[in-house]
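Trainee: Okay, predicted coordinates and the sequence, questions at the end:
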Amino acid sequence: MSYEAFWSISSKVRTTMRGAPEQVIEPRPGKEHLAERYWAQRSRLLVANKHDTVSGRLVAVYSDTPSVGSGWVPVGVEEDVEAKSLCAWWNSTPVRLMLLNRRSKKLTYPSWSLDQLRSIPVPSPASPGWEGLLAAYEQACDIELLPLRDAEKCEGRRIIDRAAAHVLGVPESTIADWRRRLAIEPTISNRPAEASADQLS
């Protein structure tokens with residue numbers, strides 16, 4: 001049996017929150033049972049366990065077809081609405097900040113353990129602003145998200161962050177300031193710290 005999986009985290013392949021598996025995988029002889037066990041965990045929501053901070057666009061994708069991945073971890077969600085809402089939340093600036101604070105080793109290409117991914121807080125369907133996350137996903141799911149260094153030019157990120165601000169109960173301007181500061185952080189902008197400081201002054 002073959003499986004369709006998300007096999008690339010490349011910013012050339014992964015440009016929008018709504019994605020589709022691009023790789024057909026054939027289990028190795030004798031490993032079919034392991035493949036079946038992993039396939040049983042398939043989900044419509046997948047989050048990245050590694051990321052290029054300079055060129056990467058997404059840290060979560062939604063798939064119309066439940067799938068698994070390499071570099072992508074399926075998340076156990078029961079409802080389609082929940083998967084879409086959490087996809088928007090996971091790609092918001094607040095979650096980006098939390099993920100970057102969990103970096104180790106190579107700062108421009110971090111990888112995260114399952115425990116680190118599980119430690120990221122997520123809102124519940126009863127949270128204020130939950131419906132806004134779903135609306136943000138529906139509005140921005142097919143908009144090409146620019147790398148974080150170009151966040152100020154990215155309409156999709158503004159839509160997502162507007163919803164995230166409502167969830168957190170903070171002004172939208174606060175999230176916008178975080179986004180602007182992240183965009184010029186040296187391991188994201190790929191520019192010297194001195195140049196980043198000039199942009200803040």
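Mentor: Yep, it's here.

Trainee: C-alpha from now on. contacts and neighbour counts both.
Mentor: Noted.

Trainee: May I have the phi/psi pair for the closest residue to D142 other than its chain neighbours?
Mentor: Sequence neighbours aside, T16 is the residue nearest to D142 in space, at 5.5 Å (criterion: CA to CA, 6 or more residues apart in numbering). Taking degrees, to the nearest 10, you get phi -130, psi 160 for the backbone angles of T16.

Trainee: wait, doesn't T16 sit right on L145?
Mentor: Yes: if you go by CA atoms under 8 Å, T16 and L145 touch, sitting 5.9 Å apart.

Trainee: More neighbours: which of these two?
Mentor: Using other CA atoms under 10 Å as the criterion, T16 and L145 rank with L145 on top: 24 against 20.

Trainee: wait, is D150 part of a helix?
Mentor: Yes: according to DSSP: H, G, I helix; E, B strand; the rest coil, D150 belongs to a helix.

Trainee: Overlap in contacts, T16 and L145.
Mentor: L58 (CA atoms under 8 Å, 6 or more residues apart in numbering).

Trainee: Geometrically speaking, which residue is the centre of the protein?
Mentor: Per CA atoms, centre = their mean, the C-alpha nearest to the average position across the chain is that of V59, at 2.0 Å.

Trainee: Excluding residues flanking it in the chain, which one is nearest that one?
Mentor: A48 (4.9 Å).

Trainee: mind listing the strands for this protein?
Mentor: With DSSP state E, the ranges of strands along the chain come out as 3-6, 18-19, 23-25, 43-48, 60-69, 72-74.

Trainee: Buried residues in the fifth one, which are they?
Mentor: In other words, strand 60-69. By neighbour count on 16 or more other CA atoms under 10 Å, the buried set for strand 60-69 is A60, V61, Y62, S63, P66, S67, V68, G69.

Trainee: which residues does the nearest residue to the fourth one once chain neighbours are set aside contact?
Mentor: Okay, so that is S63. Nearest non-adjacent residue to S63, counting by CA to CA, 6+ apart: R44, 4.7 Å away. For R44, the contact set (CA under 8 Å, 6+ apart) comprises Y62, S63, D64, T65, P66, S67, P74, V75, D80, A83.

Trainee: again, only this time at 10 Å
Mentor: 18-20, 61-68, 74-80, 82-84, 87 (CA atoms under 10 Å, 6 or more residues apart in numbering).

Trainee: For R18, see how far away it is.
Mentor: From R44 across to R18, the span is 10 Å (CA to CA, to the nearest Å).

Trainee: tell me, what's touching these two both at once?
Mentor: Going by CA under 10 Å, 6+ apart, residues that sit against R44 and also against R18 are V61, Y62, S63, D64, K84, C87.
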